[in-house]
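Enquirer: coordinates for the following, if possible.
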Amino acid sequence: MLVEKELGNYAPSIWQVKLAAEAITINAANKTFAFKNAEFSFDVHLEEPHTSSMHALTTIPVSGKGTYALDEKNQVLRILNMVLDH
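Expert: So this is what the prediction gives:
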């Protein structure tokens, strides 16, 4: 997702995702999931060097859907693909 924002060489040093449990739906029969209204926040260094640079904090609303697989004990969930709507 950060690659899609065309940040160039300015990699974020912090990032955070906020997503309420009520905003996630899971279809166990089809092994699909969807989520809505997540908040993806990250900072970007605007100048070099990093010790004197400015930071810009950005928050992007994100929703998406995808598929998942569980291990044989149904304890480990692995996301197979995810498509973001932002």
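
Enquirer: use CA for all of it now, contacts and neighbours both
Expert: Will do.

Enquirer: residue contacts, Leu70?
Expert: By CA atoms under 8 Å, 6 or more residues apart in numbering, Leu70 lies in contact with 76-78.

Enquirer: which residues pair with it across the strands?
Expert: Leu77 (DSSP bridges).

Enquirer: Thr58: which of the contacts of Leu70 is nearest?
Expert: Nearest to Thr58 among the contacts of Leu70 is Arg78, at 27.9 Å by CA to CA.

Enquirer: quick check: the closest one touching Phe33?
Expert: No. Between Arg78 and Phe33 there is no contact, the gap being 11.8 Å when judged by CA atoms under 8 Å.

Enquirer: the two: who's more crowded?
Expert: Phe33 (17 against 11; other CA atoms under 10 Å).

Enquirer: beta partners of that one?
Expert: Bridge pairing for Phe33 - DSSP bridges - gives Ile26, Gly66.

Enquirer: go on, Leu57?
Expert: Leu57 has the following beta-bridge partners by DSSP bridges: Asp43.

Enquirer: show me the contacts for Pro61.
Expert: 37-40, 86.

Enquirer: neighbour-wise, give me the winner out of the residues you listed.
Expert: With neighbours defined as other CA under 10 Å, the most crowded of these is Ala38; it has 19 neighbours.
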